[in-house]
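Trainee: I would like the atomic coordinates for the input below:
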Amino acid sequence: MSSTAQPPSPPGPSPAHAENLGHVVFITAAAAMGGFLFGYDSSVINGAVEAIRDRYDIGSAELAQVIAIALIGCAIGAATAGRIADRIGRIACMRIASVLFTASAIGSALPFALWDLAMWRIIGGFAIGMASVIGPAYIAEVSPPAYRGRLASFQQAAIVIGIAVSQLVNFGILQIADGDQRGEIGGLEAWQWMLGVMVVPAVLYGLLSFAIPESPRYLLSAGKVERAKQVLVEVEGEHIDLDHRVAEIQQAMHREHKSTFKDLLGGRFAFLPIVWVGIGLSVFQQLVGINVVFYYSTTLWQSVGIDPSGSFFYSFTTSIVNIVGTVIAMVLVDRIGRRPLALIGSAGMAVALALEAWAFSAPLVDGKLPSTEGAVALVAAHVFVLFFALSWGVVVWVLLGEMFPNRIRAAALGVAASAQWIANWAITASFPSLADWNLSATYVVYACFATLSIPFVLLFVKETKGKALEEMG
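Mentor: As a prediction, the model looks like this:
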């Protein structure tokens, strides 16, 4: 799960060789297509929200359920992907996810009714959940030890690029439809094309799965030792001691403790204290309202008087800021540490969210925010995304991968991830109704959570920078 604790390299030359690096990068990039689809499918709905509301003539509460229902599929997919991958292999798991992404894209673009659209959203969510688990696991298992940390970052980079590309595609389709989300293009409405275009990367993901090898770890667990050796030569070079590497992997597999839910229990508060810290990190990451940006930003900007083309453009620019912030986090997380980065992010988010709350408190003039408040709202939204991306967007996943003792790591990660999906669902499902009630007060709530995350980090989160996984306890 983390690149900080790696098995000792065998004697002789380094396991990473230049002649293999290009091939390993291709393999990693192909696997990270699952992360791209994760980001794309998660945020592409942003461009269709208002059109779905208009097409089916539904209120905010019902609309929120259609948007948020995909998260149910996400939770199920994430919970089951590990077992599926252990039983039939990582590559087969990727192909299943590709089929589900493809089916979801086609079904969502051609729904018969609202329930039909919701069903395809759940199927897409299941694929997202699978991709969120199988991509990082596969990349860690095929990466040479010397490059594992950098290659592992491909997954997060692919997710934020997927978010940005989905917003760019939505913007492009809206321009073709003359700025009308329900404008007709080739017999379909614009929003249907937005959801359907995902067929292209979904099919590409499936095709790429035929061009990359199965994980050596899975092959060894299935008794395919010779094929595992061939893959190790592919990714680590011909100069490694194959018998040593195979024995090393097998020994690590035998040492692993299969943690269970029961291992997490202890004390009068049900879970061990460290598990509650993991849950807290996951929940705070979502309760600041970050997914409001990725699911509802076009709706938000239109609600304060920005035209559809402008709202789609601003959704795209926030996605670019998200990429920039993620790159900053990747550069800084091992230099200044996890806690300082989280604290910087919390402070920045709290200020940005407070400014958004102030801006949205202004009365609309002719259906628009006054010019000063409108400018503050736009700048603050981008600043909020930047501070989230350079801190909590990356740091939480790094901490969750490092902070738990070995004996409970897998089970604790599962509980923390489940808490994250639940908190994500709560924010996604509640935002439309809260915004109808009082948009400014809604952002005050998010700002309060960002502020509360500061004492939480100071009091309960320990720094993991530079520590081996075996030191966690």
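Trainee: from here on, contacts and neighbour counts on C-alpha atoms
Mentor: Will do.
Trainee: part of a helix, is H239?
Mentor: No: counting by DSSP: H, G, I helix; E, B strand; the rest coil, H239 falls outside a helix, being coil.
Trainee: D243 - how many residues pack around it?
Mentor: A count of nearby residues for D243, using other C-alpha atoms under 10 Å, gives 11.
Trainee: er, L343 I mean
Mentor: Per other C-alpha under 10 Å, the neighbour tally for L343 reads 21.
Trainee: Tell me who's in contact with it.
Mentor: For L343, the contact set (C-alpha atoms under 8 Å, 6 or more residues apart in numbering) comprises I454, V457.
Trainee: after the helix or strand containing it, next one along is what?
Mentor: Counting by DSSP states H and E, the element that carries L343 is helix 338-360. Later in the chain than helix 338-360, the nearest helix or strand by DSSP H and E is helix 371-389.
Trainee: Quick one: mean pLDDT for that following helix?
Mentor: For helix 371-389, mean pLDDT is 93.
Trainee: please renumber so the chain begins at 669
Mentor: Sure, I'll start counting at 669 from here, so that last one is helix 1039-1057.
Trainee: Looking only at that helix, what residues are buried by neighbour count?
Mentor: Of the residues in helix 1039-1057, 1041-1042, 1044-1045, 1048-1057 count as buried by neighbour count, 16 or more other C-alpha atoms under 10 Å.
Trainee: What angle do helix 1039-1057 and the helix holding L1011 make with each other?
Mentor: Helix 1006-1028 and helix 1039-1057 are oriented at 160 degrees to each other (axes from the mean of the first three to the mean of the last three C-alpha atoms, to 10 degrees).
Trainee: Off-centre distance for helix 1006-1028?
Mentor: Centre-to-centre, helix 1006-1028 and its host chain are 20 Å apart (C-alpha atoms, centre = their mean, to the nearest Å).
Trainee: One more: stretch 942-959?
Mentor: With C-alpha atoms, centre = their mean as the basis, stretch 942-959 stands 14 Å off its chain's centre.
Trainee: what comes up buried for it?
Mentor: Buried residues in stretch 942-959, counted by 16+ other C-alpha under 10 Å: 942-959.
Trainee: where in the stretch 719-868 of the chain is pLDDT low?
Mentor: Across the stretch 719-868 of the chain, residues meeting the criterion (pLDDT under 70) sit at 814, 816-817.
Trainee: So which residues of it form helices?
Mentor: Remark: helices assigned in the stretch 719-868 of the chain by DSSP state H, counting those that start in this stretch are 728-736, 738-756, 758-777, 782-810, 816-844, 858-864, 867-876.
Trainee: and A699, which of the ones you listed is closest to it?
Mentor: When those are compared by C-alpha to C-alpha, helix 782-810 sits nearest A699, at 5.8 Å.
Trainee: I'd guessed I988 sits against G830; true?
Mentor: No: between I988 and G830 there is no contact under C-alpha atoms under 8 Å: 10.6 Å.
Trainee: The helix ranked longest in the chain vs helix 782-810, what angle?
Mentor: In the chain, with assignment by DSSP state H, the single longest helix is helix 1077-1128. On the basis of the same axes, to 10 degrees, helix 1077-1128 is oriented at 90 degrees to helix 782-810.
Trainee: In terms of secondary structure, what does helix 1077-1128 contact?
Mentor: Counting contacts by 3 or more C-alpha pairs under 8 Å, 6 or more residues apart in numbering; DSSP states H and E, helix 1077-1128 packs against helix 728-736, helix 738-756, helix 941-955, helix 958-971, helix 1006-1028, helix 1060-1070.
Trainee: rerun at 6 Å
Mentor: helix 728-736, helix 941-955, helix 1006-1028 (3 or more C-alpha pairs under 6 Å, 6 or more residues apart in numbering; DSSP states H and E).
Trainee: Please identify the buried residues of the strand or helix carrying V899?
Mentor: If you go by DSSP H and E, V899 is part of helix 893-904. Neighbour counts using 16+ other C-alpha under 10 Å place V893, R895, A896, K897, V899, L900, V901, E902, V903, E904 of helix 893-904 among the buried residues.
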